[in-house]
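Novice: heads up, no residue letters with this:
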């Protein structure tokens, strides 16, 4: 539909104040119908150029005012152009309302976050792992606490999120919640996704994360040495539940499977490989990438040991795995009993497989990467630093031989 669109800046000289200054107004006209608003600025009526809708002169005051008027004009042009492109109703009142923000969708940050988390929860096992969903829930909880503590409100409009808010949230996580640097960055990255959703839906006009970069610190991955593995394997514990947890932990040390993958492992995941031996072939819960792992004798023996366990016989699962919380709690006891001075967690078993069991024993990094189910070799390379120890040991042997 064709329409006539124009706007002007003007003053009402008859309503000038005692100092000779009058309010400046913007009048928008579409198809002969008008809408007006004050731009919240005054000007000396003697210095106003009605034909140009500007203040005359080159003084600092004139330049500042005229620049402000130009910015408003530019904004009005953009609003009009967007309405044309989107084939939306174009009226003087509509343009004025958009400029004043009266018809903006007032989207709230935590509300968007909650909707995202609800959708994610419904896609667990399809597009997302349970752990990913839980992390987003925790990130939202921290964000809610920060908003409440810092701004004394229940929620904040997403359009009010800016760099100050982001850096404040980062500081809050590190100080109030005592989060480590990398944990803090991961929570903020979760929050960043929510803001990007708002930006993609035009609920905000600019991305406050545009200049924010996630910078993770390199963390040395802890693992068990060959001697510590042998301690665990040979140690027979008096308490049945501790023996069970120890065995499943050792199984992970010799397969490289994460907790969630060991827990869901079933008989159907054990197949005969190309070499005629038994392999584990499964998809990782975290990334849905394939892991192909030939079974080592230690892992085979653990499967056989628990084949008649009630928790295995009555289910489709291969091993009787307890909750992650219980596993990690019992591993602390096991470490004390075995004299291992490391923070023994279930995930440490995966690091142990990558380092002490495979890389240190000469298994090529490409092979290790495939068994771990890594999508990128760069991820596996984090474990390769252990090779420095292997290189050192090999070179010391060489030195001894050369000195003979």
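Specialist: Arrived safely, thanks for sending. A quick note: this is a predicted structure, and the numbers were derived from the prediction, not measured.
Novice: pretty sure residue 369 contacts residue 380?
Specialist: Yes - the criterion here is Cβ atoms under 8 Å, and residue 369 meets it with residue 380 at 4.0 Å. For the C-beta atoms, the positions are set from N, CA and C on the backbone; glycine is no exception.
Novice: identify each buried residue in the host helix or strand of residue 185, please.
Specialist: Element membership for residue 185 (DSSP states H and E) is helix 181-200. Neighbour counts using 16 or more other Cβ atoms under 10 Å place 184-188, 190-192, 194-195, 197-199 of helix 181-200 among the buried residues.
Novice: check stretch 156-165 too.
Specialist: Using 16+ other Cβ under 10 Å, the residues of stretch 156-165 that count as buried are 156-159, 161, 165.
Novice: got the buried residues for stretch 237-246?
Specialist: 237, 242-246.
Novice: which one among the residues you listed gets closest to residue 96?
Specialist: Using Cβ to Cβ, residue 245 is the member of the buried residues of stretch 237-246 that lies nearest residue 96, at 68.3 Å.
Novice: which residues touch the strand or helix carrying the closest one?
Specialist: In this assignment (DSSP H and E), residue 245 forms part of helix 240-253. Residues outside helix 240-253 that contact it (Cβ atoms under 8 Å, 6 or more residues apart in numbering) are 224, 229, 232-233, 235-237, 257-259, 262, 298-299, 302-303, 305-306, 319-322, 326-327, 330-331, 333-334, 337, 344, 346, 349-350, 352-353, 357.
Novice: narrow the residues you listed to those in helices?
Specialist: Within those, residues falling in helices by DSSP state H are 229, 232-233, 259, 262, 298-299, 302-303, 305, 326-327, 330-331, 333-334, 337, 349-350, 352.
Novice: longest helix in this protein, please.
Specialist: Scanning the chain for the helix with the most residues, using DSSP H, yields helix 60-85.
Novice: rounded mean pLDDT for that one, please.
Specialist: For helix 60-85, mean pLDDT is 94.
Novice: next helix or strand past that helix?
Specialist: Downstream of helix 60-85, the next assigned helix or strand under DSSP H and E is helix 92-100.
Novice: and the direction of that following helix versus that of helix 60-85, what angle?
Specialist: Angle between the axes of helix 92-100 and helix 60-85 is 120 degrees (criterion: axes from the mean of the first three to the mean of the last three Cα atoms, to 10 degrees).
Novice: and helix 92-100, what does it pack against?
Specialist: Applying 3 or more Cβ pairs under 8 Å, 6 or more residues apart in numbering; DSSP states H and E, one finds that helix 92-100 contacts strand 21-30, strand 33-44, helix 60-85.
Novice: if we use 6 Å, what do you get?
Specialist: Judged by 3 or more Cβ pairs under 6 Å, 6 or more residues apart in numbering; DSSP states H and E, helix 92-100 is in contact with strand 21-30, strand 33-44.
Novice: show me what the helix or strand that contains residue 145 is packed up against.
Specialist: Assigned by DSSP H and E, residue 145 belongs to helix 130-151. Contact here means 3+ Cβ pairs under 6 Å, 6+ apart; on that basis helix 130-151 packs against helix 109-122, helix 181-200.
Novice: residues touching the helix or strand bottoming out on mean pLDDT in the chain, excluding its own?
Specialist: Least confident helix or strand of the chain, by mean pLDDT, DSSP states H and E, is helix 387-403 with a mean of 74. If you take Cβ atoms under 6 Å, 6 or more residues apart in numbering as the criterion, helix 387-403 is touched by 359-360.
Novice: ok now do residue 169, which residues does it touch?
Specialist: Residue 169 sits next to residue 146 when contact means Cβ under 6 Å, 6+ apart.
Novice: so the protein: which segments form each domain?
Specialist: Domain segmentation of the chain under automatic domain parsing yields 5-100, 109-200, 226-396.
Novice: just send the ones you listed back as JSON lines, with distance to residue 216 too.
Specialist: Formatted as JSON lines, the domains of the chain follow (distance: least, Cβ to Cβ, whole Å):
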{"stretch": "domain 5-100", "distance to residue 216": "38"}
{"stretch": "domain 109-200", "distance to residue 216": "5"}
{"stretch": "domain 226-396", "distance to residue 216": "11"}
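Novice: which one, of those, ends up nearest to residue 211?
Specialist: Closest to residue 211 of those is domain 109-200 (Cβ to Cβ; 7.1 Å).
Novice: now do the end-to-end distance for that closest one.
Specialist: Using Cα to Cα, to the nearest Å, one end of domain 109-200 lies 14 Å from the other.
Novice: can you tell me the closest non-neighbouring residue to residue 130?
Specialist: Among residues not flanking residue 130 along the chain, residue 124 sits closest, at 5.4 Å (Cβ to Cβ, 6 or more residues apart in numbering).
Novice: state the distance from that neighbour to residue 114.
Specialist: Using Cβ to Cβ, to the nearest Å, residue 124 is found at 16 Å from residue 114.
Novice: what of residue 237?
Specialist: Residue 237 is 45 Å from residue 114, by Cβ to Cβ.
Novice: with residue 350 instead?
Specialist: Note on residue 350: its distance to residue 114, by Cβ to Cβ, is 32 Å.
Novice: who has more neighbours out of those two?
Specialist: A side-by-side neighbour count of residue 350 and residue 114, using other Cβ atoms under 10 Å, places residue 350 first with 23 against 16.
Novice: wait, isn't that one in contact with residue 256?
Specialist: Yes - between residue 350 and residue 256 there is a contact under Cβ atoms under 6 Å: 5.5 Å.
Novice: what does stretch 115-122 contact?
Specialist: By Cβ under 6 Å, 6+ apart, stretch 115-122 touches 128, 133, 136-137, 194.
Novice: for these, which one is nearest residue 282?
Specialist: For those, the closest approach to residue 282 (Cβ to Cβ) belongs to residue 128, at 17.8 Å.
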